[in-house]
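Novice: Here's a sequence, model it:
(one chain, ligands or ions: 1)
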Amino acid sequence: MTHGESEEGYPQRRIIFPAHVRNRLFIEQRGRCRYCGRRMSNHYLEIDHRWPLSRNGGNELSNLQLLCTACNLRKGIQTDEEFRDRYWRLLPPDGSIPDPPIPQDLFTRETQLTRAAPEVRSIFRDRFEAARRRRQPAGCLFAALLLLTLVAAIAEFVTQRDF
Ligand SMILES: [Zn+2]
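Specialist: Numbers count the residues shown, from 1 in each chain. The predicted structure is shown next:
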């Protein structure tokens with residue numbers, strides 16, 4: 001499975017958005033990160049998929065928002081709804097952009113106090129398991145080689161002793 005391809009095999013491509021898409025979002029959000037409310041220049045705000053591409057989200061405008069790098073990293077593979085559920089104590093309940101902005105350390109504290117949604121945790125569990133399974137064949141090969149070397153060394157020792 002390559003990056004940006006869904007579990008079911010439907011390609012969800014990561015595309016370069018035309019400038020007018022970014023500008024429209026920038027005007028809509030009045031140059032602020034949608035989660036923390038920090039005001040930034042257009043260049044530093046990142047286009048985020050509310051429903052992530054990796055979980056079959058699309059590239060349509062209604063699925064896009066601008067986030068600062070810190071918020072985008074914190075969101076990761078979470079959906080917009082999962083993020084808002086997790087940080088509900090900080091974010092305005094009506095979904096509006098916070099004003100004044102929320103400092104990142106409040107988000108960090110909230111990350112430490114809360115757990116990701118079960119769906120998100122299960123995705124990470126699956127990735128961990130898949131990575132472990134990929135590592136296993138290499139480990140077996142290494143063990144076999146080690147055993148072979150040991151057997152060869154013993155055989156050599158035994159033959160030398162006989163002479
Ligand atoms: Zn932010």
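Novice: Spatially nearest residue to residue 80 (excluding sequence neighbours)?
Specialist: Of all residues not flanking residue 80 in the chain, residue 50 sits nearest, at 3.8 Å (Cβ to Cβ, 6 or more residues apart in numbering). C-beta coordinates here come from the backbone N, C-alpha and C atoms, glycine included.
Novice: tell me the phi and psi of the one you found?
Specialist: When read as degrees, to the nearest 10, the backbone of residue 50 gives phi -50, psi -50.
Novice: Does it touch residue 78 like I think?
Specialist: No: judged on Cβ atoms under 8 Å, residue 50 makes no contact with residue 78 at a distance of 10.0 Å.
Novice: out of the two, which sits in the busier spot?
Specialist: Taking other Cβ atoms under 10 Å, residue 50 and residue 78 do not tie; residue 78 has more neighbours (22 against 18).
Novice: Distance of that one relative to the ion?
Specialist: 14 Å (Cβ to the ion, to the nearest Å).
Novice: Can you list the low-confidence ranges for this protein?
Specialist: The model of the chain has pLDDT under 70 over residues 1-12, 162-163.
Novice: what residues does it put near the ion?
Specialist: Counting by Cβ under 5 Å from the ion, the residues of the chain close to the ion are 33, 35-36, 68, 71.
Novice: I'd like the residues you listed as a markdown table, with neighbour count appended.
Specialist: What follows is those, written out as a markdown table (neighbours: other Cβ atoms under 10 Å):
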| residue | neighbour count |
| --- | --- |
| 33 | 26 |
| 35 | 27 |
| 36 | 23 |
| 68 | 23 |
| 71 | 24 |
